[in-house]
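K.L.:
below: sequence and its predicted model.
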Amino acid sequence: MVDSPAEPKSIDHLRTICLGFPEATEQPFGGHTAPSFRVRGKLFLMVGEDREYATCKAPPGVQQMLVASDPERFFVPKYVGSKGWVGIQLGGDPDWAEIAEIAEDSYRLIAPKRVAAQLDK
């Protein structure tokens with residue numbers, strides 16, 4: 001997918017991170033226009049329609065830890081929050097190393113084990 005001129009640079013950062021994972025693809029979610037990233041057809045990171053936040057799956061306990069540590073940057077998203085996903089605000093000056101780590105955790109939780117193991121090579 002190609003950014004529209006109005007899309008923030010944060011989407012380029014996310015795209016670079018997510019498409020760097022083995023077999024990761026960018027594909028819209030349902031009727032949404034915001035980027036979503038998948039591995040073998042399964043979602044591991046979705047960008048909000050307003051492009052101001054992203055959501056991804058977190059390991060058990062991590063969602064609560066992140067939200068408690070910085071509720072200005074992290075939140076429990078609607079619909080998928082009950083399934084352990086965490087929301088990440090993309091505005092301001094995001095910590096891209098931290099976001100990359102969170103995205104990788106989500107990818108590892110969703111990707112087949114053999115595909116995720118390619119990250120360790």
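P.N.:
All right, it came through fine. The shown structure was predicted, so the numbers you read here are calculated from the model rather than taken from an experiment.
K.L.:
what's the neighbour count on the nearest residue to Gly91 once chain neighbours are set aside?
P.N.:
Here the nearest residue to Gly91 in space, its sequence neighbours aside, is Glu52; by Cβ to Cβ, 6 or more residues apart in numbering that works out to 5.6 Å. Backbone N, C-alpha and C define where each C-beta goes, glycine included. The local packing of Glu52 (other Cβ atoms under 10 Å) involves 12 other residues.
K.L.:
can you name the residues that contact Glu52?
P.N.:
Residues near Glu52 by Cβ atoms under 8 Å, 6 or more residues apart in numbering: 89-91.
K.L.:
drop anything exposed from those residues.
P.N.:
Among the contacts of Glu52, those classed as buried by 16 or more other Cβ atoms under 10 Å are 89-90.
K.L.:
going by distance to Val67, which of the contacts of Glu52 wins?
P.N.:
Closest approach to Val67 among the contacts of Glu52 (Cβ to Cβ): Gln89, at 11.4 Å.
K.L.:
so what's the closest one scoring on pLDDT?
P.N.:
We have a pLDDT of 95 for Gln89.
K.L.:
circling back to that earlier point, can you redo the contacts of Glu52 as CSV with secondary structure and distance to His13?
P.N.:
What follows is these, written out as CSV (DSSP: H, G, I helix; E, B strand; the rest coil; distance: Cβ to Cβ, whole Å):
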residue, secondary structure, distance to His13
Gln89, strand, 13
Leu90, coil, 8
Gly91, coil, 13
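K.L.:
so who does the nearest residue to Ile110 once chain neighbours are set aside touch?
P.N.:
Of all residues not flanking Ile110 in the chain, Phe44 sits nearest, at 4.2 Å (Cβ to Cβ, 6+ apart). For Phe44, the contact set (Cβ under 8 Å, 6+ apart) comprises 18, 24, 37-38, 56-57, 103, 106-107, 109-111.
K.L.:
downstream neighbour of the one helix or strand Phe44 maps to in the secondary structure list?
P.N.:
Using DSSP states H and E, Phe44 sits within strand 42-47. Next helix or strand after strand 42-47 toward the C-terminus (DSSP H and E): strand 53-57.
K.L.:
noted, bye for now.
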